[in-house]
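Student: A structural model of the following input is requested.
(one chain, ligands or ions: 1)
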Amino acid sequence: MRSVVTGVGAFLPEHVVTNDDLAKIVETSDEWIIERTGIRQRHKASDDQAVSDLAVEACRKALADAGKTPADVDLIIMATTTADLTFPAAATIVQRKLGCPVGIAFDVQAVCSGFVYAMSVADGFVARGHAKCALVIGAETMSRLMDWTDRGTCVLFGDGAGAVVLEPQAGEGTKADRGVLSFALRADGTKQDLLYVDGGVSTTGTVGKLRMLGNQVFRHAVVNIAEAITMAAEKADVTIPEVDWFIPHQANQRILEGVARRLGLEEHKVISTVAEHANTSAASIPLALAHGIADGRIKKGDLLLLEAMGGGLTWGAVVLRL
Ligand code: ACO
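Tutor: So this is what the prediction gives:
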């Protein structure tokens with residue numbers, strides 16, 4: 001059995017923050033941000049929008065795309081770093097708000113790699129027959145973790161949500177099958193100090209703010225992402241030129257280009273939304289997937305390679321045929 005993506009949905013909060021808007025609160029400029037990151041704008045959730053609200057909108061679209069209703073959903077896995085509450089899991093709040101029946105629901109926390117991790121976990125349930133209709137969500141309100149006086153981080157992140165519906169379908173066991181074909185996951189906890197939040201339940205008792213040594217994260221990103229892509233491609237027995245679309249975590253346009261150069265990827269095959277969405281952490285891959293489908297580039301049957309790196313450090317890649 002394969003875990004096949006049968007629906008995709010995305011949601012961005014209405015409020016757009018431009019680089020010029022940020023230049024009014026920290027010493028930065030539109031030129032600096034575009035040149036160093038490729039980011040032109042980001043979306044920001046309103047004060048009364050919780051991450052579950054963004055996720056619910058993305059899920060409704062994904063379910064409609066799959067021809068399913070909330071009543072069909074028996075598994076919800078939500079990748080998020082910015083859950084509504086310390087507990088319960090945001091996935092259970094989404095379950096309640098959507099009106100899904102009693103089933104399985106939990107969160108996965110791997111920061112920007114969260115969606116890649118969540119897809120791998122979901123594959124274990126769906127392909128083994130433990131779920132017939134799974135929602136896998138990446139959703140974040142990263143704006144809540146920003147130190148709005150730190151120009152090195154506050155210009156980089158945005159809010160948003162994306163979701164896919166995964167359903168089991170029989171495959172032949174070859175790379176021609178639709179569905180998740182392979183994944184590679186990695187984590188290196190010794191690199192925590194490069195990217196972390198300086199608060200937490202069992203330490204400070206506060207939410208904390210995001211701290212990052214950006215240039216050091218950057219150095220690890222290209223090498224780590226290229227490693228994960230190579231591992232996942234080998235496991236699925238696919239070569240880089242066979243891949244139709246690369247759907248990377250959208251951290252920085254320069255990282256996307258660095259990975260493409262290192263692996264010899266054709267740049268026109270890389271879906272980039274970093275200019276419009278900035279870094280939406282776990283939401284960025286499903287947002288980019290939805291974007292590539294909506295504009296007609298990504299089609300059913302295409303071979304996709306999803307990849308990400310984030311706090312932890314964590315990183316990983318998933319090969320899947322749509
Ligand atoms: N505007 C103007 N100047 C700035 C800004 C800004 N917004 N931010 C930093 N600078 C300054 C710095 O203060 C520094 O000035 P100095 O030389 O006077 O000290 C100078 O620019 C260079 O700083 P660097 O950090 O070396 O700049 P760099 O070219 O590395 O770009 C950036 C910084 C954009 C953060 C880059 O390093 C990056 O994108 N890193 C990767 C981040 C990432 O990918 N994170 C992914 C994971 S996120 C997650 O998991 C939650």
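
Student: and the strands in the chain, which stretches?
Tutor: Ranges of strands in the chain, per DSSP state E, are 2-11, 16-18, 41-43, 75-79, 104-108, 134-141, 159-169, 179-187, 195-197, 210-212, 245-248, 303-310, 314-321.

Student: angle of the last one against strand 2-11?
Tutor: Note on geometry: by axes from the mean of the first three to the mean of the last three C-alpha atoms, to 10 degrees, strand 314-321 and strand 2-11 are set 110 degrees apart in direction.

Student: so which of the strands of the chain is the most surrounded?
Tutor: Each of the strands of the chain was scored by mean neighbour count; the highest is strand 134-141, a mean of 32, by mean count of other C-beta atoms under 10 Å. Using the backbone N, CA and C atoms, a C-beta is placed for each residue, glycine as well.

Student: now that strand - C-alpha only, CSV.
Tutor: Taking Å, rounded to 0.1, in the frame of the first residue of the first chain, the C-alpha atoms of strand 134-141 are listed here in CSV:
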residue,chain,number,x,y,z
ALA,A,134,-5.3,11.4,7.0
LEU,A,135,-4.9,15.1,7.2
VAL,A,136,-1.2,16.1,7.4
ILE,A,137,-0.8,19.8,8.2
GLY,A,138,2.0,22.3,8.4
ALA,A,139,0.8,25.5,10.1
GLU,A,140,2.6,28.2,11.9
THR,A,141,2.2,31.6,13.5
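
Student: strand partners of that strand, parallel vs antiparallel please.
Tutor: Strand pairing for strand 134-141, using DSSP bridges, gives strand 75-79 (parallel), strand 159-169 (antiparallel).

Student: and the ligand, is it touching that?
Tutor: No: using C-beta under 6 Å from any ligand atom, strand 134-141 never reaches the ligand; the gap is at least 8.7 Å.

Student: for the spatially most central residue of the chain, give me its contacts.
Tutor: Geometric centre of the chain, nearest residue: residue 282, 3.2 Å, by C-alpha atoms, centre = their mean. Shown in contact with residue 282 (C-beta atoms under 8 Å, 6 or more residues apart in numbering): 79-81, 110-115, 118, 138-140, 310.

Student: can you say which of the strands of the chain is nearest to residue 290?
Tutor: Nearest to residue 290 among the strands of the chain is strand 2-11; the distance by C-beta to C-beta comes to 3.6 Å.

Student: that closest one to strand 179-187, inter-axis angle?
Tutor: 70 degrees.

Student: on that earlier part again, adding mean pLDDT and distance to residue 24, write the strands paired with strand 134-141 out as JSON lines.
Tutor: Formatted as JSON lines, the entries for these read as follows, by pLDDT from 0 to 100; distance: least, C-beta to C-beta, whole Å:
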{"stretch": "strand 75-79", "mean pLDDT": "98", "distance to residue 24": "32"}
{"stretch": "strand 159-169", "mean pLDDT": "98", "distance to residue 24": "19"}
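
Student: buried residues in stretch 56-71, which are they?
Tutor: Across stretch 56-71, burial judged by 16 or more other C-beta atoms under 10 Å covers 56-63, 65-66, 68, 70.
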